[in-house]
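Asks: Sequence and computational prediction follow.
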Amino acid sequence: MPQILEYLVGDRPLVIETGRLATQADGAVTVQYGDTLVLVAACVSSEPRQGTDFLPLTVDYEERHYAAGKIPGSFIRRESRPSQAAILADRLTDRSLRPLFPKNFRNDIQVVITVLSADQENDPDVLAIIGASAALSLSAIPFDGPVGAVRVGCLDGELVLNPTFTQLVDSSLDLVIAGTSGALVMVEAGAKEVPDRLILEAIKFGQQANQGIVRLQQQLSEAGGKPKMDFTPTEISPEVEEAVSAIIGGRLSEVIYKPKGEREEALTAIKEELSQELEEKFPPQEITSALESLLRREVRSQILERGARVGGRGLSEVRPIACEVGFLPRTHGSALFNRGGTQVLTTTTLGSIRKEQLIDTISQEESKRFLHHYNFPPYSVGEVKRIVGPGRREIGHGALVERALAPVLPNEVDFPYTIRLVSEVLSSNGSTSMASVCASILSLMDAGIPISSPVAGVAMGVIAENDKYVLLTDIEGLEDAYGNMDFKVAGTAEGITALQMDIKLKGIPYEVIEKAIKEAHDARRFILDKMSQTISSSRSELSKYAPRMYKITIDPDKIGTVIGPGGKMIRSIVEETKATVDVENDGTVIIGSTSEEGAQKAIKIIEDLTKDVEVGAVYTGRVTRVISIGAFVEILPGKEGMVHISELADYRVPSVEDVVKVGDEIMVVVTEIDRMGRINLSRRAVLQGLSKAANVKDTMASGFAGKPQNPPQRPRGGDLERRPRGGPPRRYPDRGRKPPYR
């Protein structure tokens with residue numbers, strides 16, 4: 001029978017329903033908030049996966065365009081691979097659930113989240129976490145939940161629960177927090193240089209709201225939950241562990257303090273020795289697992305009991321830092337950042353606004369002008385692996401860095417560029433995402449992009465045993481692998497711009513988070529100081545290889561003139577000037593070119609296209625057509641006028657071709673625009689004006705004012721028009737030589 005439970009979260013009800021859809025899944029629910037509704041189904045395999053040493057959990061977040069009343073924009077017009085937003089949403093859910101499964105559980109688990117309705121105001125990602133937790137709680141899958149999740153914003157200094165998309169535009173904080181009834185399990189945030197104090201208040205505020213959501217799921221599972229499946233965790237045989245320990249003795253305590261390269265060599269030698277000594281007694285996988293267990297225990301005990309970290313650092317000590325900018329000669333900006341054994345190279349590329357990324361998802365966002373891409377090649381950890389493109393981890397890390405840097409970038413009005421950063425991890429020994437933050441901001445400054453403040457990032461870790469917690473600053477590889485928390489904090493000297501917390505415990509106390517944020521603040525300032533010794537602010541000018549962008553404004557009614565029929569005019573401008581031209585609906589035109597000459601030429605063409613012809617104004621135009629009674633002259637792009645034969649020169653012209661031909665450039669003045677919009681031009685008036693100016697100049701040069709020494713001769717016939725032979729002459733001074741129409 002369907003069950004429906006409802007709970008007020010913020011100012012809207014959260015509705016969870018089960019027993020109506022996807023009834024063959026191990027657990028399935030729908031979660032609705034506003035008019036946004038997601039279906040979440042969870043299933044588990046009946047047998048454990050053999051030969052694996054991790055939890056085989058898969059979370060799939062399926063966006064359906066019909067949910068927002070859209071048709072997909074691809075050629076095949078159907079959803080295919082997940083968008084970046086979908087990958088980030090399923091990572092958000094995965095990170096909230098993974099710590100709560102039993103240790104050594106090896107059955108395949110799949111959670112499928114399908115967005116069925118999206119109201120464009122309430123983000124489905126938080127509902128996905130709640131729905132996944134509820135489906136798992138109802139199923140037979142062992143799960144130490146349930147988990148509640150909320151989004152916290154800050155508007156005008158006030159914390160807001162589950163702000164809408166519209167409210168988030170003005171919010172200084174976008175924080176998602178997931179937690180059980182007793183502890184936090186996941187934190188993710190983007191912020192606009194928010195103080196540490198406000199972040200801590202928001203975490204506490206969100207976790208309090210989570211308690212009601214947790215109780216709602218408990219009521220649901222108590223009413224209709226399935227009994228949990230039997231599960232016997234596999235343990236390492238004490239016999240194998242004792243045999244491995246006897247062979248390696250106390251060497252592990254020495255190995256863990258070696259530099260990473262030497263440590264890897266020493267561990268490889270130990271593995272070979274163990275294989276030779278024990279391969280006939282025990283399976284190779286059990287020997288490897290026993291060694292890993294002993295190594296993990298050694299690393300953790302040294303930190304917990306002696307405060308001795310891998311590499312011999314102090315608990316709050318940051319590894320040695322080295323920075324370099326302008327590393328690559330032809331990129332628009334580049335920087336190399338080293339922190340211990342982690343090395344990241346980031347490049348900056350600038351492009352026109354038309355290069356922005358178009359987004360085809362169910363969200364309101366249609367494009368983005370700032371992109372950060374993170375690459376993690378196998379050689380960065382000394383491995384051989386097939387490269388198949390970015391995975392979920394690469395996309396997640398890239399988005400985190402993007403979120404950390406976005407608040408300090410100039411807006412599109414002040415800086416009309418598309419900005420792309422690419423971080424190449426060249427060597428990895430922990431915290432590559434935060435190293436990418438540092439390398440990226442250095443690269444932006446090297447490119448001359450006017451950022452508001454430098455940003456740095458650091459990863460905090462925790463080693464926990466029973467009720468004892470030891471906090472670590474700037475964790476490296478082994479500390480991340482064998483520790484209990486990876487808490488990434490990025491920000492400026494004034495405040496936080498991004499957070500991401502992943503844990504391996506059932507939860508983490510609020511007090512530990514509070515201390516981690518405080519120590520991360522001190523570490524961030526230390527790193528920013530080191531970076532400032534290389535470059536402290538953005539360069540005064542953009543790279544000479546970067547395109548220059550110019551912004552002009554035209555009358556919106558003239559946009560069609562610039563674009564032309566079928567885009568013909570704007571294409572011709574681009575082809576002629578080699579510049580990029582982007583026209584906005586409000587009449588803003590952005591011209592970009594690496595050539596100053598090309599940009600100015602494009603600007604002039606556009607200004608001429610949109611300029612109104614003025615009576616009395618002088619133009620230099622090109623003769624486009626010649627007829628018996630005159631010549632047509634293009635005075636502005638697409639705007640022609642006619643010069644009557646009588647107005648071609650300041651003398652009598654026998655034939656139009658005697659004075660001008662097609663392709664000639666001549667100066668003309670607009671004498672009239674008739675009521676039909678036809679433009680009448682005169683070259684004679686311009687010549688007479690130039691002649692008068694020359695005479696005045698000659699007169700002043702001769703030293704007296706009066707008649708010019710060489711007055712121009714009046715052309716034969718002057719302004720006279722004669723009747724047929726025998727008739728008296730008649731003068732029409734206002735019309736030159738042209739008789740009045742009869």
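Replies: Yes, it's here.
Asks: ok, residue 679 touching residue 640?
Replies: Yes - if you go by CB atoms under 8 Å, residue 679 and residue 640 touch, sitting 7.0 Å apart. All C-beta atoms are positioned from the backbone trio N, CA, C, and that covers glycine.
Asks: Just the buried residues of the top strand by length along the chain, please?
Replies: Ranked by residue count, the top strand of the chain under DSSP state E comes out as strand 36-48. The neighbour-count check on strand 36-48 (16 or more other CB atoms under 10 Å) flags 36, 37, 38, 39, 40, 41, 42, 43, 44 as buried.
Asks: repeat for stretch 134-153
Replies: For stretch 134-153, by 16+ other CB under 10 Å, it's 134-143, 145-153.
Asks: Which members of these occur in strands, if any?
Replies: Per DSSP E, the buried residues of stretch 134-153 map to strands at 148, 149, 150, 151, 152, 153.
Asks: mind checking how far the third one is from residue 480?
Replies: The gap separating residue 150 from residue 480 is 28 Å, by CB to CB, to the nearest Å.
Asks: tell me the mean pLDDT for stretch 21-39?
Replies: In this model, stretch 21-39 has a mean pLDDT of 97.
Asks: and which of the ones in strands among the buried residues of stretch 134-153 is nearest to residue 77?
Replies: Nearest to residue 77 out of these is residue 151 (CB to CB; 31.9 Å).
Asks: quick one: that closest one and residue 174 touch, right?
Replies: Yes - here residue 151 reaches residue 174: they are 7.0 Å apart, a contact under CB under 8 Å.
Asks: so which strand or helix has the closest residue to residue 233 other than its chain neighbours?
Replies: Leaving out its chain neighbours, the residue that sits closest to residue 233 by CB to CB, 6 or more residues apart in numbering is residue 104, at 4.2 Å. Secondary structure assignment for residue 104, by DSSP states H and E: no helix or strand.
Asks: how close does residue 104 get to residue 56?
Replies: 12 Å.
Asks: Also residue 506?
Replies: Counting by CB to CB - residue 506 and residue 56 are separated by 20 Å.
Asks: Same question for residue 135.
Replies: From residue 135 to residue 56 the distance is 17 Å (CB to CB).
Asks: cool, and residue 624?
Replies: Counting by CB to CB, the gap from residue 624 to residue 56 is 74 Å.
Asks: What are the boundaries of the helices in the stretch 451-600 of the chain?
Replies: Using DSSP state H, counting those that start in this stretch, the helices assigned to the stretch 451-600 of the chain run over residues 477-482, 510-532, 559-563, 568-577, 596-610.
Asks: Where in this protein is the helix or strand with the lowest mean pLDDT?
Replies: strand 720-721 (a mean of 40; mean pLDDT, DSSP states H and E).
Asks: how many neighbours does residue 684 have?
Replies: Counted with other CB atoms under 10 Å, the neighbours of residue 684 add up to 22.
Asks: residues touching the residue nearest to residue 233, list them.
Replies: 233, 234, 235 (CB atoms under 8 Å, 6 or more residues apart in numbering).
Asks: pLDDT score assigned to it?
Replies: On the pLDDT scale, residue 104 gets 86.
Asks: From residue 297, how far off is it?
Replies: Taken as CB to CB, the span from residue 104 to residue 297 is 16 Å.
Asks: cool, and residue 129?
Replies: The value you get for residue 129 to residue 297, if CB to CB is used, is 33 Å.
Asks: what about the two, which has more around it?
Replies: Taking neighbours as other CB under 10 Å, residue 129 and residue 297 compare with residue 129 leading, 30 against 14.
Asks: ok, that one touching residue 98?
Replies: No - here residue 129 does not reach residue 98: they are 11.9 Å apart, not a contact under CB under 8 Å.
Asks: what's next to stretch 590-606, contact-wise?
Replies: Against stretch 590-606 from outside (CB under 8 Å, 6+ apart): 351-353, 416-417, 545-552, 554, 562, 573-574, 576-582, 584, 589, 637.
Asks: rerun at 10 Å
Replies: 350-355, 412, 416-418, 544-552, 554, 558, 561-562, 569-570, 572-574, 576-584, 589, 636-637 (CB atoms under 10 Å, 6 or more residues apart in numbering).
Asks: mind listing the strands in the stretch 51-200 of the chain by residue range?
Replies: For the stretch 51-200 of the chain, the strands defined by DSSP state E, counting those that start in this stretch occupy 57-63, 107-117, 148-155, 158-161, 173-179, 184-194.
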